[in-house]
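> Need the 3D shape of this:
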Amino acid sequence: MTDTESERGAQAPAVLKAMRILDLLAQSPGRAKALSEIARDLGIAKSSTSNLCASLEEGGLIRRTDGGYLLGRRTVELGSAYLAGFDQIREFYRLCDESEVLSHHLVQIAMLDGARVLYLAVHEGRERFPLSASVGDRYPASATAVGTALLAELSPADIAALYRDPGLLVTLTNRSTADLASLTRKLELTRERGYAMDEGEVHLSVIGIAVVVPSTRVGEPSFAIGISMVHPHNTDADRETALAALREAAATLTRPVLVA
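Next comes the predicted model:
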């Protein structure tokens, strides 16, 4: 083995450990974690954790406070640069602002991240409620409308493999999808009607409707766009109006964006 190959072999585990530190801090946004807590949670020696945190801090990826470490500003810059690569994300906010229907609602766009969905953009609208997901949040895909829409794109074999661990079917309310058989039935219904529903699975007082936005470029993921509405103000007519607006937005987001 050459010196260069040896260096690469030594660096790779350090990079993976650094990524685990970032993931750990991302799981509890706004709550600082002490060095000893990070080392214990990840099973990494405290001395190694200290060196990794020092490097991440120097790069602006994390920052140190009196209570411990938090994600740093550099993660925001990297996240923004990543999202800027998707035409759909740039167009999402314009569509929400200009739509008579979407402008009033909480509208979110998300992508599948394993058994979770990652929220990429959120339009709060005029009817806000405090428990909604924010950009960067991850929720169980099986419980959300956007997650259900994206899971319905996968084959039954892929779903079975994804949920080989039953613990990934996280229940947030007594209406959440709790087992693979229930998820399979829900996905079949989603495919039949062409849209996904969350009827109190994340919050009992909220329903969600979502449709898929297919990828427009090879190698890009599909997204799902969804509306959240608070009970008991919505009616069947409101749902149909919201669904029509979502489908129109999805069709627009699927078209190539012309850049002036």
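> From now on I want contacts and neighbour counts done on CA atoms only, so please keep to that.
Noted.
> What pLDDT is listed against T216?
pLDDT recorded at T216 is 67.
> repeat for S28
74.
> Show me the shaky parts of the stretch 151-260 of the chain.
Applying pLDDT under 70 to the stretch 151-260 of the chain flags the ranges 216-219, 231-234, 255-260.
> Show me the helices in it, by range?
Secondary structure of the stretch 151-260 of the chain (DSSP state H, counting those that start in this stretch): helices at 156-162, 180-193, 236-254.
> With distance to I227 and mean neighbour count added, can I get those in JSON lines?
Shown next, in JSON lines, are those (distance: least, Cα to Cα, whole Å; neighbours: other Cα atoms under 10 Å):
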{"stretch": "helix 156-162", "distance to I227": "24", "mean neighbour count": "13"}
{"stretch": "helix 180-193", "distance to I227": "16", "mean neighbour count": "15"}
{"stretch": "helix 236-254", "distance to I227": "7", "mean neighbour count": "17"}
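> got CSV for the ones you listed, with distance to S205 too?
Listed next are the helices of the stretch 151-260 of the chain as CSV, based on distance: least, Cα to Cα, whole Å:
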stretch, distance to S205
helix 156-162, 28
helix 180-193, 20
helix 236-254, 15
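> Relative to V211, which of these is closest?
helix 236-254 (6.8 Å; Cα to Cα).
> and that closest one, what does it pack onto?
On a contact count with 3 or more Cα pairs under 8 Å, 6 or more residues apart in numbering; DSSP states H and E, helix 236-254 meets helix 87-98, strand 206-213, strand 223-230.
> Distance from the last one to the middle of the chain?
Distance, stretch centre to chain centre, for strand 223-230: 13 Å (Cα atoms, centre = their mean, to the nearest Å).
> Any chance you could list what contacts it?
Residues from elsewhere that reach strand 223-230, judged by Cα atoms under 8 Å, 6 or more residues apart in numbering: 102, 105-112, 145-147, 149-150, 205-215, 242, 246, 250.
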